[in-house]
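Asks: Sequence first, predicted model second:
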Amino acid sequence: MPETDQKLQESSSFRLWPLIVGVLLVLLGISLANQWYAQNVAMPRYCEDPVQALERVRRLLTEKTPADDNFDSRRPYIVAAKLLFLVPRTGNEDNSAYLLRIQQHLEQECR
């Protein structure tokens, strides 16, 4: 009887390692998909007119309301705001240094 209980316990025990490995693989897949999207979809949008994209980012950082309440006038700033996530700020970086770093990133990616 104890042997039967042991077999039952072994067969019904929760397998934690496969779950952990599965979750890690899903998270890795999401991260890789995000990097691919940023490189192949988002960055080419900014490469069409990097000067204008940089100007819109500058206005986002310095002005309280860079666009009207109209969605059509806000949409370019929403697109430009994605650069803030693609090139995150580091530490106590001021606006001019941050904008310079974004400009360098755009120059590097848009070659």
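Replies: Nice, thanks for sending it over.
Asks: Can you tell me the SS state at Asn92?
Replies: coil (DSSP: H, G, I helix; E, B strand; the rest coil).
Asks: count of neighbours near it?
Replies: Number of residues near Asn92 (other CB atoms under 10 Å) recorded here: 6. In this view, the C-beta of every residue, glycine as well, is placed from N, C-alpha and C.
Asks: Can you name the next helix or strand after the lowest-mean-pLDDT helix or strand in the chain?
Replies: Lowest by mean pLDDT, DSSP states H and E among the helices and strands of the chain is helix 2-12, with a mean of 58. Under the assignment DSSP states H and E, the closest C-terminal helix or strand after helix 2-12 is helix 16-37.
Asks: so after that next one, what's the next helix or strand?
Replies: helix 43-47.
Asks: buried set for that next one?
Replies: Under the neighbour-count criterion of 16 or more other CB atoms under 10 Å, helix 43-47 has Met43, Tyr46 buried.
Asks: Please renumber the chain so that the first residue is 762 from this point on.
Replies: Renumbered: residue one is now 762, and that last one reads helix 804-808.
Asks: Can you name the residues that contact the residue nearest to Pro811 when sequence neighbours are not counted?
Replies: Counting by CB to CB, 6 or more residues apart in numbering, Pro811 lies nearest to Leu867, which is 4.3 Å off, once chain neighbours are set aside. By CB atoms under 8 Å, 6 or more residues apart in numbering, the contact set of Leu867 is Tyr807, Cys808, Pro811, Ala814, Leu815.
Asks: same thing but 7 Å
Replies: Contact analysis of Leu867 by CB atoms under 7 Å, 6 or more residues apart in numbering lists Tyr807, Pro811, Ala814, Leu815.
Asks: Please identify the helix or strand for it.
Replies: Here Leu867, judged by DSSP H and E, is contained in helix 856-870.
Asks: CA atoms only for that helix, dumped as PDB, please.
Replies: Provided in PDB are the C-alpha atoms of helix 856-870 (Å, rounded to 0.1, in the frame of the first residue of the first chain):
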ATOM      1  CA  ASN A 856      17.400  67.400 -22.700                       C
ATOM      2  CA  SER A 857      20.200  68.600 -25.000                       C
ATOM      3  CA  ALA A 858      22.400  65.600 -24.300                       C
ATOM      4  CA  TYR A 859      19.400  63.300 -24.700                       C
ATOM      5  CA  LEU A 860      18.400  64.900 -28.000                       C
ATOM      6  CA  LEU A 861      22.000  64.600 -29.200                       C
ATOM      7  CA  ARG A 862      22.000  60.900 -28.300                       C
ATOM      8  CA  ILE A 863      18.700  60.400 -30.200                       C
ATOM      9  CA  GLN A 864      20.100  62.200 -33.200                       C
ATOM     10  CA  GLN A 865      23.200  59.900 -33.100                       C
ATOM     11  CA  HIS A 866      21.000  56.800 -32.800                       C
ATOM     12  CA  LEU A 867      18.900  58.000 -35.800                       C
ATOM     13  CA  GLU A 868      22.100  58.600 -37.900                       C
ATOM     14  CA  GLN A 869      23.400  55.200 -37.000                       C
ATOM     15  CA  GLU A 870      20.100  53.400 -37.700                       C
END
